[in-house]
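S.K.: make a model of this:
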Amino acid sequence: MNGKLTGKLNRKLIVALSGFGLAMGLATVFLVPSHLEPFFWIIIFLFCAVVIARKQPDRPFVHGLLTSILNSVWITAAHVVFFSSYIAHHQQEAAMMARGAMSPRVMMLATGPVVGLLSGLILGLLALAASKLIKTVPARSPA
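M.R.: Numbers count the residues shown, from 1 in each chain. You can find the predicted model right below:
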């Protein structure tokens, strides 16, 4: 079988890179306004794509996808747990949620995984592209 399909997942890498999701989840609650958030994510995604390409070149797409899905768990949790602070700093989002048919917290819980999947597709493709562009150094065999 093709090694790209049968390679193991690097769970430590996925969890480590998802730390950016936890950091951004908290940062967007207390510090980062929504109009600046995309710029932070561009930098984070490019960094993660390069790290994945270097550390896990045999399955970059899957690692990017799973990293973003785990990111969405952290972000959604931070936004739900610190809901009052999040809404106080994000009036535009509050107005959009107020027009919804469900409670804002439930809406966050429902949309978080969808955003995680969509951003995972993007990070997965970026990691795949980076793996094609970046030369990886093969592991040296012990002497």
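S.K.: please count neighbours and contacts with C-alpha atoms only from this point.
M.R.: Fine.
S.K.: and the pLDDT at the residue nearest to residue 37 when sequence neighbours are not counted?
M.R.: Excluding its sequence neighbours, the residue lying closest to residue 37 (CA to CA, 6 or more residues apart in numbering) is residue 28, at 7.4 Å. You'll see residue 28 listed with a pLDDT of 92.
S.K.: what sits closest to residue 120 if chain neighbours are left out?
M.R.: Nearest residue to residue 120, sequence neighbours excluded (CA to CA, 6+ apart): residue 65, at 3.8 Å.
S.K.: tell me how many other residues crowd the one you found.
M.R.: A count of neighbours around residue 65, defined by other CA atoms under 10 Å, yields 23.
S.K.: what are the ranges of the helices in this structure?
M.R.: Assigned by DSSP state H, the chain shows helices spanning 3-6, 11-30, 37-55, 60-81, 83-89, 91-98, 104-133.
S.K.: for residue 42, see how far away the nearest residue to residue 119 once chain neighbours are set aside is.
M.R.: In space, and not counting its chain neighbours, residue 119 is closest to residue 68: 6.1 Å by CA to CA, 6+ apart. Using CA to CA, to the nearest Å, residue 68 is found at 13 Å from residue 42.
S.K.: higher neighbour count, those two?
M.R.: Using other CA under 10 Å, the more surrounded residue of residue 68 and residue 42 is residue 68, with 29 against 12.
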